[in-house]
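[1] quick one: sequence and predicted model below, then my questions.
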Amino acid sequence: MTDSNTPESPCLVIDLDKVRANYRALHAALPTARIRFAVKASPVPEIIRLLNDEGAEFDVASIGEIELALAQGVDPAVMCYGNPIKKSAHIAAAYAAGVRRYAFDTEDDLARIAEYAPGSEVECRFLASAPQSQTPFGTKFGCAPGEAVHLLVRARDLGLTVVGPYFHVGSQQLDPSAWRIGIEQAAAIAEALAVKDIPVSSVNIGGGLPISYVDPAPGLSELGSVIAAAAAQHLPEHTDLVVEPGRALVGNTGVIHAEVVNVRVAPDGRRWVYLDIGRYNGMAETENEYIAYRLRTDRDGDPMAEAVVAGPTCDGDDVLYQRTRVLLPTTLRAGDPVRILDTGAYTASYSSVSFNGFPPLTVHVIGAERE
């Protein structure tokens, strides 16, 4: 922060009080679920410490995230190495650090876990037949449900502890029925495993819980009702439910403070507004204009008109919005501040090291870390 307490642009400001409120709201919506924070959404030490104090578990995607969580005092017993794509050396390092739960979706990865993390607990990620989310994974992750049964039987035979199936309905999922579909498929896997005398102790329903950007999203109470009803109807009694939120815990806790660098009218007559932040230093989720953030300026009372919004680099793809209808004041000028709302998730963690020489997005934290 500068001496005047105005953050240097661009930067992300995270409100820890909102993080705590979001965690408690999710716990109220799903009181019997274990909440496992997806660290990749916002790997900020203060957030990790706060959620650790609140009793969260942690979904870690790399050795770097494991080391970060350990440095904040997180017990490795509450971490799950949830990335199905991992090197043998990284599995071994995670095991040496005390991590004893791993996700996988291929026989090769399962074999590596059995060799380098013997006796560990495992979750098999399957591809649920859920509606497409706003930022879909496609088929990059997850095996077929029938293959999940085979792989979990194989896990038992390799001396690993089978925990259960795992699915993810895609990031920013707006259709609550997606979780019902996934839970129904997970229940079928659990039933098939029971026939083979393999009990399922938990079902991981992943993340994807949405927040409202320009477009509204269903609230936690609605999502919680759908998830709880599906779990009660389909899952075996005494099966733990695990949810892995990222965006739902931190998305609305952050505001990016940016600045207008230039305004011009292009030869095609369209007005372009260039900011000092773009796709490479924090705004990666504007790719394909999947996520439409709300922008605020100090001139919002002036006449408004459509604008193309672009980042500061000399890359032609560094354009945030050219199909999405963005209204900005016609009086906007270079040097004007712009605030980008609900940017607490997948912004700073996505920013590049130094593309075009621009530094990664700076993060400032406000609010009380502990009550």
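    Arrived safely, thanks for sending. Numbering: from 1, shown residues only.

[2] tell me where the stretch 1-150 of the chain has strands.
    11-15, 34-38, 57-60, 79-81, 101-104, 121-125 (DSSP state E, counting those that start in this stretch).

[3] got a markdown table for those, with mean neighbour count and mean pLDDT too?
    Where you see a C-beta, it was placed from the backbone N, CA and C, and this is true even at glycine. Below are the strands of the stretch 1-150 of the chain laid out as a markdown table (neighbours: other CB atoms under 10 Å; pLDDT from 0 to 100):
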| stretch | mean neighbour count | mean pLDDT |
| --- | --- | --- |
| strand 11-15 | 21 | 97 |
| strand 34-38 | 24 | 98 |
| strand 57-60 | 26 | 98 |
| strand 79-81 | 26 | 98 |
| strand 101-104 | 28 | 98 |
| strand 121-125 | 26 | 98 |
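
[4] so for Val338, which of those strands sits nearest?
    strand 11-15 (12.3 Å; CB to CB).

[5] a markdown table for the strands of the stretch 1-150 of the chain, including distance to Val153?
    Below are the strands of the stretch 1-150 of the chain laid out as a markdown table (distance: least, CB to CB, whole Å):
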| stretch | distance to Val153 |
| --- | --- |
| strand 11-15 | 43 |
| strand 34-38 | 25 |
| strand 57-60 | 25 |
| strand 79-81 | 21 |
| strand 101-104 | 13 |
| strand 121-125 | 10 |
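
[6] low pLDDT regions in the protein?
    For the chain, the stretches flagged by pLDDT under 70 are 1-6.

[7] and the strands in the stretch 201-350 of the chain?
    Going by DSSP E, counting those that start in this stretch, the stretch 201-350 of the chain shows strands at 202-204, 240-243, 254-265, 271-275, 295-297, 304-306, 308-310, 319-321, 327-329, 337-340.

[8] and the angle for the fourth one with strand 254-265?
    An angle of 140 degrees separates the directions of strand 271-275 and strand 254-265 when computed by axes from the mean of the first three to the mean of the last three CA atoms, to 10 degrees.

[9] got the buried residues for strand 271-275?
    271, 273-275 (16 or more other CB atoms under 10 Å).

[10] from those residues, pick the one nearest Val78.
    Leu275 (38.7 Å).

[11] out of the strands of the stretch 201-350 of the chain, which comes closest to Ser221?
    strand 240-243 (14.4 Å).

[12] what pairs with that closest one, parallel or antiparallel?
    strand 34-38 (parallel), strand 202-204 (parallel) (DSSP bridges).

[13] in CSV, list those strands along with distance to Asp298.
    Formatted as CSV, these follow (distance: least, CB to CB, whole Å):
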stretch, distance to Asp298
strand 34-38, 34
strand 202-204, 44
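
[14] looking at those, which is closest to Glu306?
    Closest among the strands paired with strand 240-243, once you apply CB to CB, is strand 34-38, at 34.8 Å.
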